[in-house]
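>>> need a 3D model of the sequence below.
(chains A and B)
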Amino acid sequence: MLSRQYVREHPGEVREILAARGVTDVDLDEILEIDEEWRELKARGDDLRHERNEVSSKIGELKQAGDEEAAQEAIERSQELKAELQDVEQRADELETELEERLLEIPNIPQEGVPEGEDESDNVEVRRWGFDQLRDLPDEVTPHYDLGEQLDILDFERGAKVSGGGFYFLKGEAARLEHALIQFMRDVHREQDYQEVFPPIPVNSESMTGTGQLPKFADDAYKLEDEDLWLCPTAEVPVTNMYRDEILLADDLPLKHQAYTPNFRQEAGEHGTETRGMVRVHQFNKVELVNFVEPAESDERLEGLLDEAEAVLRRLGLPYRVLDLCTGDLTFASAKTYDIEVWAPGDDMDDGPAEGGRWLEVSSASNFEDFQARRAGLRYRPERHESADYLHTLNASGVALPRVLVAILEYYQNDDGTVTVPEALVPYMDGAERIEGSEKVGESALGAGDRD
RNA sequence: GCCAGGAUGGCCGAACGGUAAGGCGCACGCCUGGAAAGCGUGUUCCCCUUCGGGAUUCUGGGUUCAAAUCCCAGUCCUGGCGCCA
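Okay, here's the model as predicted:
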């Protein structure tokens, strides 16, 4: 959330960022009018209340002096003021509530230096890694969804039967690989001085508002019936809100937390070849990195955070690229974001690299500056005697699991249809170096000739 | 789930219908050869350029001229009982 004072004093800048982000449903003029009117009423209410306070304290004095007549007179005056005050303050309260609600819908201001642009095609590629010495791939790389079914380690059909479209089973070696990846990532981040937390998975509306998922993006999340609880859409929500309405000490910062959680997203209307398989699903695992820092440190920390997330892919030997997101593609709460996209060679897409295949976003590293801190009441005390100030929050995935699994199944694929386990993961797989699949179960497999 | 008690500034803690004591911590000043102690000032948010004013005792309602204080509802905490993987 932007501060009321900032919006009041810099309407021009706010108008510019709304345009740059392509936001059309925020009426800034109306917001400024509401603020103006609220301040007028507030001043009038304050004056009335001042008068009432004076009258009221006089009543106490008169009563104690025993002057009942004068006290009665003052009581009557006080009653008059009360009625008038009620009117003015009620209207002021309504306006203030309205103002707060409107402010919650204004996105963050992009930092200077964020590329201007309308959509993802205007994002700027910062660097590529791993393309200098690619491993030998099969002539035709089988997409992960086909390979996964051949090896019988991914099962989308049964996932849909049990829970619906967009859910899947990981079976055998894929399930094992999933757990191995989680443990591996946790270890990598622990080495980077991340303190681990395991948060609650359902989160309340206040938390969802604190990080910016609410009020605008309610449709993306799963809500529990009859409860003020939502299924965690990203660990950013519980972890950032962990210190909501608290004051941290300057000595506590920078505070780095990592959290593994499952994540749930509705992803309404996203179906097609681009999202086939595990690329866009309703439930997925992720290790999330959340940083709380002093305002002056946040720009530098974003670069560090990005590197910490990239380290996962480098150690897995997976080629990737880094994008600097343009103003039109920034998420609601972010002032600056880098995306990390891993290379998945299985499906050729128009916007993929020259080597073929496609890019899959596995992490967004964002600096939210004080946007979330303001919403969630996250403050720190710069010096012991100074008043508390909003701190800065940042986060990045480190990283989202299903798409990494996709990249592994496709990039580490061998001619014979097996998959080599990335060296860094072998210790987490009890020394297993290769994924060979398992025999299918059930009568349907027999009928399809997949089993003798 | 039931019963009882509780929630006051960064922290501790009083006031229990008359307009929020005191202490600790922290900062600044005075004092001092220097330090400690002592003394003074400050240490939440909002409006107002200044002066100043308003709000704020967990949250929301109510009673009252006046609510930290009384009443109702809720949230959370503590203890006891019950239930439970």
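>>> the residue of the stretch 151-300 of chain A found nearest RNA strand B in helix, strand or coil?
Across the stretch 151-300 of chain A, the shortest distance to RNA strand B (CB to the nearest atom of the strand) belongs to A:I247, at 5.2 Å. All C-beta spots, glycine's among them, are computed from the backbone N, C-alpha and C. Assigned with DSSP: H, G, I helix; E, B strand; the rest coil, A:I247 falls in the strand class.
>>> the closest residue to A:V406 other than its chain neighbours: what's it in contact with?
Among residues not flanking A:V406 along the chain, A:H144 sits closest, at 4.5 Å (CB to CB, 6 or more residues apart in numbering). Residues near A:H144 by CB atoms under 8 Å, 6 or more residues apart in numbering: A:154, A:277-278, A:344, A:346, A:405-406, A:409-410.
>>> how many residues are close by the residue of the stretch 151-300 of chain A closest to RNA strand B?
Counted with other CB atoms under 10 Å, the neighbours of A:I247 add up to 15.
>>> hang on, it packs against A:G377?
No: in this structure, A:I247 is not within contact of A:G377 by CB atoms under 8 Å, at 9.1 Å.
>>> what count of nearby residues applies to A:P402?
24.
>>> swap that for A:E116, please
Based on other CB under 10 Å, the number of other residues close to A:E116 is 10.
>>> with the one 10 residues further on instead?
Burial of A:V126, expressed as a neighbour count using other CB under 10 Å, amounts to 13.
>>> tell me who's in contact with it.
Contacts of A:V126 (CB under 8 Å, 6+ apart): A:321-324, A:338.
>>> which ones among those residues map onto strands?
A:321-324, A:338 (DSSP state E).
>>> quick check: ChimeraX command selecting the buried ones in those residues.
The ChimeraX selection below is limited to those of the ones in strands among the contacts of A:V126 classed as buried (16 or more other CB atoms under 10 Å):
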select /A:321,322,323,324,338
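>>> per-domain residue ranges of chain A.
When chain A is parsed with automatic domain parsing, its domains come out as A:4-103, A:120-443.
>>> and the first one, end to end?
As for domain A:4-103, its first-to-last residue distance stands at 8 Å under the measure CA to CA, to the nearest Å.
>>> biggest helix in chain A, by residue count?
helix A:28-65 (DSSP state H).
>>> near RNA strand B, which residues of the stretch 251-400 of chain A show up?
Proximity of the stretch 251-400 of chain A to RNA strand B, by CB under 7 Å from any atom of the strand, involves residues A:383-385, A:387-388.
>>> considering these, which possesses the most neighbours?
A:A388 (14 neighbours).
>>> am I right that that one is in contact with A:G377?
No: the pair A:A388 / A:G377 is not scored as a contact, 9.8 Å apart, by CB under 8 Å.
>>> which residues are common contacts for those two?
In contact with both A:A388 and A:G377: no residue, using CB under 8 Å, 6+ apart.
>>> how close does A:P422 get to A:I435?
11 Å (CB to CB, to the nearest Å).
>>> mind showing which ranges of the stretch 301-450 of chain A have poor pLDDT?
Residues of the stretch 301-450 of chain A that meet the criterion pLDDT under 70 lie in A:385.
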